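J.: Next come a sequence and a model predicted from it.
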Amino acid sequence: MDAYAIAQGTDGYALMKSAAEAALRALRSRWPTAMRVSIVTGGGNNAGDGYALARFAQAAGLSVSVWAVVSPQALRGDALRACEDFRASGGRIGAYDGTLIADTDVIVDALLGTGLSANVRDALAQAINDINACDRPVLALDLPSGLNADSGAVMGSAISADCTISFVALKTGLFLAAGPEHVGRLLFDDLAVSPPQAPRFRALLERLSETEISRTLPARPRDANKGDFGRVVIIGGAPGMPGAVRLAGESCLRVGAGLVTVATARENLTAVVAGRPELILYALEEAAGLEELLRPADVVAVGPGLGQTPWASAMLDVALKCGKPLVIDADALNLLARSGRSAPARSVLTPHPGEAGRLLGSSATLIQSDRLAALHALQGRHPESVIVLKGAGTLIGAAAQIPAICERGNPAMAAPGMGDVLTGAITGILAQCRDPWRAARAGVLAHALGGDDLARDSSRGILALELAETIGRWVNL
């Protein structure tokens, strides 16, 4: 977009100055009492943004120190012009010295931009480590130096910023993998550059917003009855495993599904119905009986607590052939991976990184190293399904759709049963809207927002059942 704007007649140096002006506004707003600013520069256009900021900050009355890790003599183009203009205005540039950057109110990271594709070189890595150890607030320009702009991977070392202001377009790496941990508060200025209507400028990700839920679940008519909001069957709960289906069923009811039947091992019936009598219970013993149960269903969820026994495989086989929209989770995903089959059309698959690794014949570590690539690979294996790749920054993908990312949620949700609650939420919303893509988006967001509600008072120890009870608030926006 930057290059396109310049090719269409926008002056590149004018864009750089606009970025610097936006950065100065962010700095003054975020740290209004700061008077001393240290700007640490590298050797590319990110450094040029830093030199332009130095000139504007100095003109605004701030005390500015610029420390060059890469010699200004290596600068070219607009970055060199920004450096020369700063010097012409009376600015001084010192060779980087890690012992001096602590004598400041705010440090500005202007080391590296979006072009990083290999591990950070030694001198720059040392500067990054010095800044991180400095105990001073850090403003990163465009993205934290050392972060891969596409994947969010840390390329050896990366700045841990308190605030990042990104320019022209938001970069996927700000939201993926380690990105959110290093970005701090994220600000954005498009510098008046708009993407043209052309395929190569199609967005790579779309951020979920709260309007997802209200659009997917509009207000109910006064004469509604429970039959209007879908019949759900949830299949799972191997002998002695009632908890997962109980959580999924509770969540399904809380988001508004009309009738919810839990099909589970006979041993589990008492435990499930004692905790939630509104659920309909069915003793799941043989696959033949399951076929009849699924016939009137509108939506089927399979997997919570299912296990991987021959009994579980037989139940999954029936579910896969039932012709109804499916939500496939947990052990159903593991069995699907083992079989090598593709999920039926209109399915929603909800793997965590370990399950995604098994579906792709890979590992959780590789999935996490490039989550967006993993999402696309899962879509390739299951082309008629919606994929929900769970984790920090849950991703949602489907054919012909821009992948969505959920920025909400928190580490307190790293607890048993949270995935079962998500399965129930997506299933219950799907029963009402009948659109797997919209149901996945709304379900993921409501689940994350409910988790954030609970985490306001607790950073650890929240329970999945508490989330299942809380989630109802977010489907009534």
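T.: Sure, I can see it. Residues are numbered from 1 along each chain as shown.
J.: going forward, measure contacts between C-alpha atoms and count neighbours the same way
T.: Will do.
J.: can you give me the strands in the stretch 301-450 of the chain?
T.: 326-328, 348-349, 386-389, 395-397, 404-405 (DSSP state E, counting those that start in this stretch).
J.: contacting residues around the residue nearest the centre of the chain?
T.: In the chain, the residue lying closest to the centroid (CA atoms, centre = their mean) is residue 393, at 2.0 Å. By CA atoms under 8 Å, 6 or more residues apart in numbering, the residues touching residue 393 are 175-177, 405-409.
J.: What pLDDT does the model give it?
T.: Residue 393 is assigned 94 on the pLDDT scale.
J.: re earlier: among the contacts of residue 393, which ones are in helices?
T.: Members of the contacts of residue 393 lying in helices (criterion: DSSP state H): none.
J.: Tabulate those residues (a markdown table), appending pLDDT and distance to residue 210.
T.: Output for the contacts of residue 393, formatted as a markdown table (pLDDT from 0 to 100; distance: CA to CA, whole Å):
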| residue | pLDDT | distance to residue 210 |
| --- | --- | --- |
| 175 | 96 | 18 |
| 176 | 94 | 20 |
| 177 | 90 | 23 |
| 405 | 98 | 13 |
| 406 | 97 | 11 |
| 407 | 95 | 11 |
| 408 | 96 | 10 |
| 409 | 96 | 13 |
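J.: give me phi/psi at the residue nearest to residue 411 when sequence neighbours are not counted?
T.: Leaving out its chain neighbours, the residue that sits closest to residue 411 by CA to CA, 6 or more residues apart in numbering is residue 459, at 7.3 Å. Backbone dihedrals for residue 459, given as degrees, to the nearest 10, come out at phi -90, psi -10.
J.: ok, now residue 36?
T.: Phi and psi for residue 36, reported as degrees, to the nearest 10, are phi -110, psi 130.
J.: do the one 5 residues further on as well
T.: Note on residue 41: backbone dihedrals following degrees, to the nearest 10 are phi -110, psi 150.
J.: Report the beta-bridge partners for it.
T.: Bridge pairing for residue 41 (DSSP bridges) gives the partners residue 68, residue 110.
J.: does residue 101 really touch residue 38, like I thought?
T.: Yes. Taking CA atoms under 8 Å as the definition, residue 101 is a contact partner of residue 38 at 6.4 Å.
J.: Test my guess that the residue nearest to residue 411 contacts residue 409.
T.: No. Counting by CA under 8 Å, residue 459 stays clear of residue 409, with 11.5 Å between them.
J.: Looking at the two, which one has more neighbours?
T.: Legend: neighbour count by other CA atoms under 10 Å for residue 459 and residue 409, higher for residue 409 (23 against 13).
J.: burial count for the residue nearest to residue 385 when sequence neighbours are not counted?
T.: Spatial nearest neighbour of residue 385, excluding adjacent residues (CA to CA, 6+ apart): residue 347 at 4.8 Å. By the measure other CA under 10 Å, the count of residues near residue 347 is 23.
J.: tell me the contacts of residue 347?
T.: 325-328, 384-386, 436.
J.: what about 6 Å?
T.: 325-327, 385 (CA atoms under 6 Å, 6 or more residues apart in numbering).
J.: Any figure for the gap between it and residue 79?
T.: For residue 347, the distance to residue 79 equals 50 Å [CA to CA, to the nearest Å].
J.: quick revisit: how about the strands of the stretch 301-450 of the chain in CSV, adding mean neighbour count?
T.: Putting those into CSV (neighbours: other CA atoms under 10 Å) gives the following:
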stretch, mean neighbour count
strand 326-328, 28
strand 348-349, 28
strand 386-389, 27
strand 395-397, 27
strand 404-405, 23
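J.: With distance to residue 215 added, can I get these in a markdown table?
T.: Shown next, in a markdown table, are the strands of the stretch 301-450 of the chain (distance: least, CA to CA, whole Å):
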| stretch | distance to residue 215 |
| --- | --- |
| strand 326-328 | 21 |
| strand 348-349 | 19 |
| strand 386-389 | 19 |
| strand 395-397 | 17 |
| strand 404-405 | 16 |
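J.: among those strands, which is nearest residue 465?
T.: Among the strands of the stretch 301-450 of the chain, the nearest to residue 465 by CA to CA is strand 326-328 (19.8 Å).
J.: Run me through the strand neighbours of that closest one, direction for each.
T.: Take DSSP bridges as the rule and strand 326-328 pairs in its sheet with strand 299-302 (parallel), strand 348-349 (parallel).
J.: Pipe those strands into a markdown table and attach mean pLDDT and distance to residue 231 per row.
T.: Output for the strands paired with strand 326-328, formatted as a markdown table (pLDDT from 0 to 100; distance: least, CA to CA, whole Å):
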| stretch | mean pLDDT | distance to residue 231 |
| --- | --- | --- |
| strand 299-302 | 98 | 7 |
| strand 348-349 | 98 | 17 |
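J.: Tell me which of those strands lies nearest to residue 116.
T.: That would be strand 348-349 among those, by CA to CA, at 33.3 Å.
J.: And for the closest one, what's in contact with it?
T.: Here strand 348-349 has contacts from 327-328, 385-388, using CA under 6 Å, 6+ apart.
J.: between the residues you listed, which is nearest residue 364?
T.: residue 388 (15.0 Å).
J.: measure that closest one to residue 32 for me?
T.: On the measure of CA to CA, residue 388 and residue 32 end up 41 Å apart.
J.: follow-up on the earlier one: and the residue nearest to residue 411, what pLDDT?
T.: 86.
J.: For residue 133, see how far away it is.
T.: 25 Å.
J.: Provide the backbone phi and psi angles at residue 63.
T.: Main-chain torsions, residue 63, degrees, to the nearest 10: phi -90, psi 120.
J.: burial measure for it, as a count.
T.: Neighbours of residue 63 under the rule other CA under 10 Å: 16.
J.: how about the nearest residue to it once chain neighbours are set aside, what does it touch?
T.: Leaving aside its sequence neighbours, residue 63 sits nearest to residue 36 (CA to CA, 6+ apart; 4.7 Å). Counting by CA under 6 Å, 6+ apart, residue 36 makes contact with 63, 104-105.
J.: Just send the residues you listed back as CSV, with pLDDT too.
T.: Supplementary listing: the contacts of residue 36 in CSV, determined by pLDDT from 0 to 100:
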residue, pLDDT
63, 97
104, 96
105, 98
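J.: got the buried residues for the helix or strand hosting residue 23?
T.: For residue 23, the host element (DSSP states H and E) is helix 12-30. The neighbour-count check on helix 12-30 (16 or more other CA atoms under 10 Å) flags 12-13, 15-24, 26-27 as buried.
J.: Which other helices and strands does it contact?
T.: The elements that helix 12-30 packs onto, with contact taken as 3 or more CA pairs under 6 Å, 6 or more residues apart in numbering; DSSP states H and E, are helix 45-59.
J.: which ones are touching residue 367?
T.: With contacts defined as CA under 6 Å, 6+ apart, residue 367 is in contact with residue 374.
J.: ok, 7 Å please
T.: 353, 357, 374 (CA atoms under 7 Å, 6 or more residues apart in numbering).
J.: export the residues you listed to TSV and tack on distance to residue 285, neighbour count and pLDDT?
T.: Output for the contacts of residue 367, formatted as TSV (distance: CA to CA, whole Å; neighbours: other CA atoms under 10 Å; pLDDT from 0 to 100):
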residue	distance to residue 285	neighbour count	pLDDT
353	31	21	97
357	31	21	98
374	36	21	96
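J.: Next step: the residues you listed restricted to helices.
T.: Filtering those for helices - DSSP H - leaves 353, 357, 374.
J.: of those residues, closest to residue 313?
T.: For the ones in helices among the contacts of residue 367, the nearest to residue 313 is residue 357 (19.8 Å; CA to CA).
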